[in-house]
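[1] Give the three-dimensional model of this entry:
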Amino acid sequence: MEDQRNTSEFILLGLSNDQNIQMFCFVLFLFCYIILLVGNLLILVSILCSPLFNQPMYYFLSHLSSMDICYTSSVTPKLIGDLLRGTKNISYDNCMLQVFAMHFFGSTEVFILTAMAFDHYVAICKPLHYMIIMDRTKCNLLVLAAWAGGALHSFPQLSMMIQLPFCGSTEIDHYFCDIFPLLKIACTDTYITGVLVVANSGLVALVTFVVLFVSYVIILFTLRNHSAEGRHKALSTCGSHITVVIIFFGPSIFGYLRPPTTYPEDKIFALFYTIIAPMFNPLIYTLRNTEMKHAMRKVWCQRLFSKEAHN
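    As a prediction, this is how the structure comes out:
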């Protein structure tokens, strides 16, 4: 008899069964994914190939771009392929891998956003000690801590899902393997597991959001003593980060800081933190950041001119 804990595959019900809606979603999400990849790769290469990489803010931004690519790639290619082929099956192993990847890369991104907020706080509130506090060793430690935090968050989530028995319906009412829809089809009482999931995911989202909120309240309070030019520059930099935090954290907090059940709106909110927010991150950070625009122009113009000269 087949092990009830190891159902061979699940069926992802996706966003809609309507063929026209599926084709529209295919074109839309393919476009979004291409924009996301191009935008984040442009930022990543521009930072790596310019002196900006030596500045903590852009060092963290390069890691954020990497996380955006990994995070979205754990869901979006599968979604696009399913919309194109009309198939919605996913193997048990790939489903569990998707659960782990989503939570690992997503929580690592959350902790990197927190590290960026800390960098902004030090730059504005302790400018004379900035280079001492935010040296490369401490930046590396913050990134390492973000990865460690991602692992500490995602491994317990994966462990709880692997232990669930699936012996009845294998239809997951979502477009990827999310935890609450999996809890819904498990053939056992999942109340305790659901509480543990909310305690893990919900508290990570809530605590980091509160830390970010408090840090920016302190930053805005400190900016009162700065010159008008200094305030404008600081607000421009912080504004980009605050926008990214709101777009990412709003749907995430709704998605996980609540009773462990599913709602029809879950798929719409999930689109924000799996596709929309990572797609807008490069635009937000480049359109409002003069240094980033100069670096991108310099790096890519040099590459273009050197290529033409070589030809």
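[2] For stretch 240-256, the averaged confidence score.
    Predicted confidence along stretch 240-256 averages 73 (mean pLDDT).
[3] Which residue is the nearest non-sequential neighbour of Thr170?
    The shortest distance from Thr170 to any residue that is not its chain neighbour, by C-beta to C-beta, 6 or more residues apart in numbering, is 4.8 Å, and that residue is Phe10. Yep, even glycine has a C-beta here, placed from its N, CA and C like the rest.
[4] center of the chain - which residue?
    A centroid search over the chain (C-alpha atoms, centre = their mean) returns Gly106, at 4.4 Å, as the residue closest to the centre.
[5] Could you check which helix or strand contains that one?
    With elements taken from DSSP states H and E, the one containing Gly106 is helix 92-125.
[6] Tell me the helix or strand right after that helix.
    Following the chain from helix 92-125 toward its C-terminal end, the next helix or strand by DSSP H and E is helix 130-133.
[7] Measure how far that following helix is from the centre of its chain, please.
    Computed by C-alpha atoms, centre = their mean, to the nearest Å, the separation of helix 130-133 from the middle of its chain amounts to 28 Å.
[8] and whatever helix or strand comes next after it, what does it pack onto?
    Note on helix 130-133: by DSSP H and E, the next helix or strand toward the C-terminus is helix 136-162. The contact analysis (3 or more C-beta pairs under 8 Å, 6 or more residues apart in numbering; DSSP states H and E) places helix 136-162 against helix 56-73, helix 92-125, helix 179-185, helix 191-197.
[9] If I take the second one and helix 136-162, what angle do their directions form?
    With axes from the mean of the first three to the mean of the last three C-alpha atoms, to 10 degrees as the criterion, the two stretches helix 92-125 and helix 136-162 enclose an angle of 150 degrees.
[10] buried stuff in helix 92-125?
    Along helix 92-125, these residues count as buried under the neighbour rule (16 or more other C-beta atoms under 10 Å): 92, 95-96, 98-124.
[11] So the residue nearest to Thr170 belongs to a helix, correct?
    No. Counting by DSSP: H, G, I helix; E, B strand; the rest coil, Phe10 falls outside a helix, being strand.
[12] OK, contacts around it?
    89-92, 95, 166, 170-172, 177 (C-beta atoms under 8 Å, 6 or more residues apart in numbering).
[13] so which of those residues would you say is closest to Ile219?
    For the contacts of Phe10, the residue nearest Ile219 by C-beta to C-beta is Cys177; the value is 37.9 Å.
[14] Where does the prediction get shaky in this protein?
    Counting by pLDDT under 70, the chain contains low-confidence residues at 1-6, 229-231, 233-237, 255, 257-260, 263, 286-293, 295-296, 300, 302-311.
[15] Show me what the strand or helix carrying Ile218 is packed up against.
    Using DSSP H and E, Ile218 sits in helix 203-222. Using 3+ C-beta pairs under 8 Å, 6+ apart as the contact criterion, the neighbours of helix 203-222 among helices and strands are helix 92-125, helix 228-256.
[16] Make JSON lines out of those and add distance to Cys139.
    Supplementary listing: these in JSON lines, determined by distance: least, C-beta to C-beta, whole Å:
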{"stretch": "helix 92-125", "distance to Cys139": "8"}
{"stretch": "helix 228-256", "distance to Cys139": "16"}
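[17] tell me which residues of stretch 16-28 are tucked away?
    22, 25-26.
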